[in-house]
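Asks: all I have is the shape, not the residue letters:
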DNA sequence: ATTCTTTAGTTTTTT
DNA sequence: ACTAAAGAAT
């Protein structure tokens, strides 16, 4: 009947055209999941079952949300403005901004990212003089976020030992501080919003009345709180619940580490009285060998909901595996293969280079840069996370709300204006006395001592200057458009001047300029172009701002970031035990199964060709590590794989040999050369400490000592004369 | 108070 | 290897 519904298989068609009821769609990788989701929305609107106003679609990443909107607008020539499409956090932020009073928040409430949050926790630990050895800030952060993601306020957390009790007190102190500063962390966005809806019947009914159709992508990655929020919003327990269309794949659940729980799928079936589960099992993406490899691998996981992907396509080429002697050789192999593919006509943007952890991108980038292959890195160090941008944002936040202690502390002496630790301490004491923010304390101090004039002027000059600076900035705010506010702030704060003076400041200045551009384009694109909205955008979409996205470039990202994307060719690097699966996850079954799902995700990104590579040795944390091939390679059937030979040739790898000689030269020039068997990188055996690698040495003759990194006991300095080291 | 130097922790993945 | 924090020197 309509062009929307052509070229669909029966299951896809059924999912798309389902009447007003809730449904669970189990969609395997490459089964047209996103297409089904977007087509359903378009179909619902086109057939008049709902107006854009009544649709709410939740995705997991901003990238996915954007993609969804683009696809819908391509299918339907309508204005999608009324539709709510976004991430859980984005949608909650939107609701909280709209109803900030009911939510007990300032109009200008700010969002803390993970680093901000950690800084805040560190500050609280210091204030309460808690030993941060005993209570590592990271662990406190983990505790707080976990509680929030389970939907628990401090008052409801149950603890049974003194350690947890202390953690709970810290949680409480943290909550207080957040409330006073008017800041909100990531899980707080959800929890606040959930509480708002459950407390406020009018609002709840308003939104229930509005959103008759709710669609959720990547449902397997939702955590408990997100699910509760969804249930509440949809009115699962009412007579007229919304039609909730949920798409997920338990085999692609890779966010358990931040509370995602596939049990939500079972609960969804129960809570929404699901009578229909639709399975999409035909894969339209990958060739046979790739799919066979993925299926065989994921079979090793237990407790799957069960589904088997199949394809009409031919077997295609085998997966190519390359076992490199070291990480530089691995990189140059990848570079060569990418060049070859590109020469054959594959667009660089259709080639992805994936890795398990961000740290691995360095070596790869180096080789790509030397080969002048254009590439684009997703994730890693993001624009809004750079320190100069963080400083600038802190000033902007203070303009919006000077009570924000976090931001104040970040920039009160940056650029330096003579406010040292001493003055800061005084200020913090004052704030504690008054039980107020640092800003209020500073105002109070100046106000109080203005009568004593002379001395104050000397002691507090820096602080007075800072207060005047922020006050002046605040006066202009409101009158000026956003980009001008940013521009003025950059000069008035002295950030520009500071980075102009710095040796390596050129990049930073460029980034600060880019911030003005970001503000300009934000004003053009966003409906709400207020300062607060811009700051929320900066916190929530930290990764989305990427310069130079226009040209054809190779795509570099972690496997996590690659979920939901597909490429003609995929390179998966670092397939070694300890790296992938990661050593932190290898010890328990759950961790290992999640790693395997991650591997599954990685494999299924490829349409036509897939390259797997590993290195026998690689630099990590400044040390050479020797790894064995990943167990996942053994889980892929041999007939899918084609092992490539590595050719040990000096000329093939000029960078690596050059680098090595540089390192060695330095060592030799400063110290006498030890006998040839004791050299850096040599594997040795010690009677007591076991196996290790020599990482450094000094002295000579009877004084000669070597530093050895032992597998079991870490690094030790040993006198060669006494330590009976054996070469392995 | 600021800047230079040394040291310790850190990195798994992300909204 | 790299960065943030602590310590020492100016």
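Replies: All right, it came through fine. Nothing here was measured: the structure is a model prediction, and the numbers come from that model.
Asks: C-alpha from now on. contacts and neighbour counts both.
Replies: Fine.
Asks: which residues of the stretch 101-250 of chain A lie near DNA strand B?
Replies: A:113, A:114, A:136, A:138, A:186, A:187 (C-alpha under 7 Å from any atom of the strand).
Asks: again, only this time at 10 Å
Replies: A:113-115, A:118, A:132-133, A:136-139, A:142, A:145, A:149, A:185-190, A:222-223 (C-alpha under 10 Å from any atom of the strand).
Asks: of the residues you listed, just the buried ones, PyMOL syntax please.
Replies: PyMOL command restricting these to the buried ones, with burial defined by 16 or more other C-alpha atoms under 10 Å:
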select buried, chain A and resi 113+118+137+145+149+185+186+187+188+189+190+222+223
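Asks: could you pick out which of the residues of the stretch 101-250 of chain A next to DNA strand B are near DNA strand C?
Replies: Near DNA strand C, by the rule C-alpha under 10 Å from any atom of the strand, you find A:115, A:118, A:132 out of these.
Asks: the last one: what secondary structure?
Replies: This points to residue A:132. Here residue A:132 is coil, with the state taken from DSSP: H, G, I helix; E, B strand; the rest coil.
Asks: that one and residue A:124 touch, don't they?
Replies: No: judged on C-alpha atoms under 8 Å, residue A:132 makes no contact with residue A:124 at a distance of 10.6 Å.
Asks: which of the residues of the stretch 101-250 of chain A next to DNA strand B fall within helices?
Replies: Residues of those located in helices (DSSP state H): A:114-115, A:118, A:137-139, A:142, A:145, A:149, A:186-190.
Asks: of all pairs in the residues you listed, which one is the farthest apart?
Replies: A:137 and A:190 (22.4 Å; C-alpha to C-alpha).
Asks: pop out the phi and psi values for residue A:610.
Replies: phi -130, psi 130 (degrees, to the nearest 10).
Asks: quick one: the closest residue to DNA strand C within the stretch 351-500 of chain A and DNA strand B, what's the gap?
Replies: Closest to DNA strand C within the stretch 351-500 of chain A is residue A:387: 6.7 Å, counting by C-alpha to the nearest atom of the strand. Residue A:387 is 14 Å from DNA strand B, where distance means C-alpha to the nearest atom of the strand, to the nearest Å.
Asks: count of neighbours near the residue of chain A found nearest DNA strand B?
Replies: Relative to DNA strand B, the nearest point of chain A is residue A:418 (3.1 Å; C-alpha to the nearest atom of the strand). Residue A:418 has 16 neighbours, counted by other C-alpha atoms under 10 Å.
Asks: what score does it have for pLDDT?
Replies: pLDDT for residue A:418: 80.
Asks: I'd assumed residue A:466 was in contact with it.
Replies: No: if you go by C-alpha under 8 Å, residue A:418 and residue A:466 don't touch, sitting 10.1 Å apart.
Asks: show the subsequent helix or strand relative to the host helix or strand of residue A:362.
Replies: Using DSSP states H and E, residue A:362 sits in helix A:361-370. Next along the chain after helix A:361-370, taking DSSP H and E as the criterion, comes strand A:375-377.
Asks: residues touching that next one, excluding its own?
Replies: The contact list for strand A:375-377, computed with C-alpha atoms under 8 Å, 6 or more residues apart in numbering, reads A:368, A:549, A:553, A:554, A:555, A:556, A:557.
Asks: who wins for neighbours among those?
Replies: Tallying neighbours with other C-alpha under 10 Å puts residue A:556 at the head of these, with 24 neighbours.
Asks: secondary structure of that one: a strand, I assume?
Replies: Yes: counting by three-state DSSP, residue A:556 is found in a strand.
Asks: who's it bridged to?
Replies: Counting by DSSP bridges, residue A:556 is bridged to residue A:353, residue A:377.
Asks: for residue A:390, what are its contacts?
Replies: Residues in contact with residue A:390, defined by C-alpha under 8 Å, 6+ apart, are residue A:384.
Asks: how close does it sit to residue A:110?
Replies: Per C-alpha to C-alpha, to the nearest Å, residue A:390 is found 13 Å from residue A:110.
Asks: shaky segments in the stretch 501-650 of chain A?
Replies: Within the stretch 501-650 of chain A, the ranges that satisfy pLDDT under 70 run A:503-504, A:543-550, A:646-650.
Asks: flag every residue of it that's near DNA strand C.
Replies: A:619, A:620, A:621, A:622, A:623, A:624.
Asks: tabulate those (CSV), appending secondary structure and neighbour count.
Replies: As requested, those are arranged in CSV below (DSSP: H, G, I helix; E, B strand; the rest coil; neighbours: other C-alpha atoms under 10 Å):
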residue, secondary structure, neighbour count
A:619, strand, 14
A:620, strand, 11
A:621, coil, 8
A:622, coil, 8
A:623, strand, 14
A:624, strand, 18
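Asks: nearest to residue A:445 among the residues you listed?
Replies: Distances from residue A:445 to those, taken by C-alpha to C-alpha, are shortest for residue A:621, at 46.9 Å.
Asks: for the residue in the stretch 51-200 of chain A that DNA strand C sits nearest to, report the pLDDT, please.
Replies: DNA strand C sits closest to residue A:119 of the stretch 51-200 of chain A, with a gap of 6.6 Å, by C-alpha to the nearest atom of the strand. Looking at residue A:119, its pLDDT reads 86.
Asks: please report phi then psi for residue A:26.
Replies: Per degrees, to the nearest 10, the backbone of residue A:26 is at phi -90, psi 110.
Asks: and chain A, which residues reach DNA strand C?
Replies: Residues of chain A that fall close to DNA strand C, judged by C-alpha under 10 Å from any atom of the strand: A:115, A:118-120, A:122-123, A:126, A:132, A:359, A:362-363, A:381, A:385-387, A:410, A:619-624, A:663.
Asks: let's see it at 7 Å
Replies: Close to DNA strand C, as judged by C-alpha under 7 Å from any atom of the strand, chain A has residues A:119, A:387, A:619, A:620, A:621, A:622, A:623.
Asks: quick check: the first one vs residue A:128, distance?
Replies: What that stands for is residue A:119. Residue A:119 sits 14 Å away from residue A:128, going by C-alpha to C-alpha.
Asks: neighbour count winner among the two?
Replies: Set residue A:119 next to residue A:128 and count neighbours by other C-alpha under 10 Å: residue A:119 wins out with 16 against 10.
Asks: so the residue nearest to the more buried one when sequence neighbours are not counted, which state does it fall into?
Replies: Nearest residue to residue A:119, sequence neighbours excluded (C-alpha to C-alpha, 6 or more residues apart in numbering): residue A:406, at 7.7 Å. For residue A:406, the assignment made with three-state DSSP gives helix.
Asks: contacting residues for residue A:406?
Replies: If you count contacts by C-alpha under 8 Å, 6+ apart, residue A:406 has them with A:116, A:119, A:120.
Asks: ditto for residue A:605
Replies: Contacts for residue A:605 were tallied using C-alpha under 8 Å, 6+ apart; they are A:562, A:563, A:564, A:565, A:566, A:567, A:570.
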